[in-house]
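**Student:** kindly return the folded structure for what I paste below:
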Amino acid sequence: MGAKENAEAIRGGYKAFNAANLDRLAPLFDESVRWHVPGRSSLAGDYDGRDATFGYFGRLGQETGGKFQAELRDLVASGDHVVGLHDSRGQRGAKTLDVGVALVFRMQGGKIVEAWEHYGDMYAWDDFWQ
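**Tutor:** Take a look at the predicted model:
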């Protein structure tokens, strides 16, 4: 698949993620995907495999009462890489999250095989999840 097709697949993935539609999201992920979450929060770390990655996604939803959203602003694609620029938003108790994120996807055969999250404000991200 080319850059345009990869970008469209990721665009659809954002829609499925925000709708919590795992049936629509699952085919976009390679079973052995690696997902990297930086920082020092309880969510930080490397998630190996689709099940572990979806477990991470589940925690985002559970800990925000289903109100976590990744609002896509733009996509940049070249070859096997797509960068999604989005705003992560959520509510958790008295805490509010509104952080810009650059999410770098490495694609292979139309599927996500690896992804790296990069936050505009790492401290705000970590504080929200503490």
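
**Student:** contact partners of the helix or strand containing residue 36?
**Tutor:** Assessed by DSSP states H and E, residue 36 sits inside strand 29-37. By CB atoms under 8 Å, 6 or more residues apart in numbering, the list of residues contacting strand 29-37 from outside reads 43-50, 52-54, 56, 108-109, 111-117. Yep, even glycine has a C-beta here, placed from its N, CA and C like the rest.

**Student:** give the buried residues for it.
**Tutor:** 29-30, 33-35, 37 (16 or more other CB atoms under 10 Å).

**Student:** need the residues you listed in CSV (columns: distance to residue 65 and pLDDT).
**Tutor:** Output for the buried residues of strand 29-37, formatted as CSV (distance: CB to CB, whole Å; pLDDT from 0 to 100):
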residue, distance to residue 65, pLDDT
29, 25, 98
30, 30, 98
33, 26, 98
34, 28, 98
35, 22, 98
37, 20, 98
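
**Student:** of these, which pair is most distant in space?
**Tutor:** 30 and 37 (17.6 Å; CB to CB).

**Student:** any idea which helix is longest in the chain?
**Tutor:** helix 3-18 (DSSP state H).

**Student:** how about the longest strand along the chain as PDB, C-alpha atoms only?
**Tutor:** In the chain, assigned by DSSP state E, the strand with the most residues is strand 95-108. Provided in PDB are the C-alpha atoms of strand 95-108 (Å, rounded to 0.1, in the frame of the first residue of the first chain):
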ATOM      1  CA  LYS A  95      -8.300  16.400  36.300                       C
ATOM      2  CA  THR A  96      -8.700  17.500  32.700                       C
ATOM      3  CA  LEU A  97      -6.500  16.400  29.900                       C
ATOM      4  CA  ASP A  98      -5.900  18.500  26.700                       C
ATOM      5  CA  VAL A  99      -2.500  17.600  25.200                       C
ATOM      6  CA  GLY A 100      -1.300  17.700  21.600                       C
ATOM      7  CA  VAL A 101       0.200  14.500  20.400                       C
ATOM      8  CA  ALA A 102       2.200  13.400  17.400                       C
ATOM      9  CA  LEU A 103       1.600   9.700  16.900                       C
ATOM     10  CA  VAL A 104       4.000   8.000  14.500                       C
ATOM     11  CA  PHE A 105       2.800   4.800  12.800                       C
ATOM     12  CA  ARG A 106       4.900   2.300  10.900                       C
ATOM     13  CA  MET A 107       2.800   0.400   8.400                       C
ATOM     14  CA  GLN A 108       3.400  -2.800   6.600                       C
END
